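Asks: build the 3D model from these lines:
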Amino acid sequence: MNSRNKGNLAEDRACEYLQKLGYKIVERNFYCKGGEIDIIAYKDDVFHFIEVKSGKNFEPIFNITTSKLKKVIKCSYFYMKKNMIKSAFCIDAIIVKDDIEFIKNITL
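Replies: Next comes the predicted model:
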């Protein structure tokens with residue numbers, strides 16, 4: 001299985017997890033110039049721009065670098081401007097291994 005397929009499976013698991021917590025999945029794999037947002041979700045009047053990382057033999061959280069986070073932030077602003085959203089938002093991460101870890105409101 002290639003890395004894109006593994007990534008899609010991790011994102012599927014992350015979406016199922018979020019939906020069980022009451023999040024509405026707004027969009028997946030939103031691309032903009034210079035970056036991508038894996039999942040855009042909405043709950044309690046807040047948009048959540050979510051980076052999903054997975055892995056078995058290493059800690060996937062370490063793949064969320066400063067550079068990657070800057071790209072997610074840039075895309076988040078672009079998405080909100082494009083869709084005229086003036087709601088609160090945050091950048092989150094979901095780590096998919098055997099279990100799922102949801103890290104809310106990550107920052108640089």
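Asks: report the separation between the closest residue to Ile94 other than its chain neighbours and Phe49.
Replies: Distances taken as C-beta to C-beta, 6 or more residues apart in numbering put Ala14 closest to Ile94, at 4.3 Å, once the chain neighbours are dropped. Heads up, the C-betas are built off the backbone N, CA and C, glycines and all. Shown here: Ala14 relative to Phe49, a distance of 13 Å by C-beta to C-beta, to the nearest Å.
Asks: which of those two has more neighbours?
Replies: Ala14 (27 against 23; other C-beta atoms under 10 Å).
Asks: and the strand or helix carrying the more buried one, which residues are buried?
Replies: Per DSSP states H and E, Ala14 falls inside helix 3-20. Using 16 or more other C-beta atoms under 10 Å as the test for burial, helix 3-20 gives 7-8, 10-11, 14-15, 17-18.
Asks: contacts only, for Ile106.
Replies: Counting by C-beta atoms under 8 Å, 6 or more residues apart in numbering, Ile106 touches 51, 64, 69, 91-93.
Asks: drop anything exposed from those.
Replies: Buried among the contacts of Ile106 by 16+ other C-beta under 10 Å: 51, 64, 69, 91-93.
Asks: lowest pLDDT pick from these?
Replies: Looking at the buried ones among the contacts of Ile106 by pLDDT, the weakest one is Ile64, with 88.
Asks: can you pull the contacts of that residue?
Replies: So Ile64 contacts 51, 53, 93, 106 (C-beta under 8 Å, 6+ apart).
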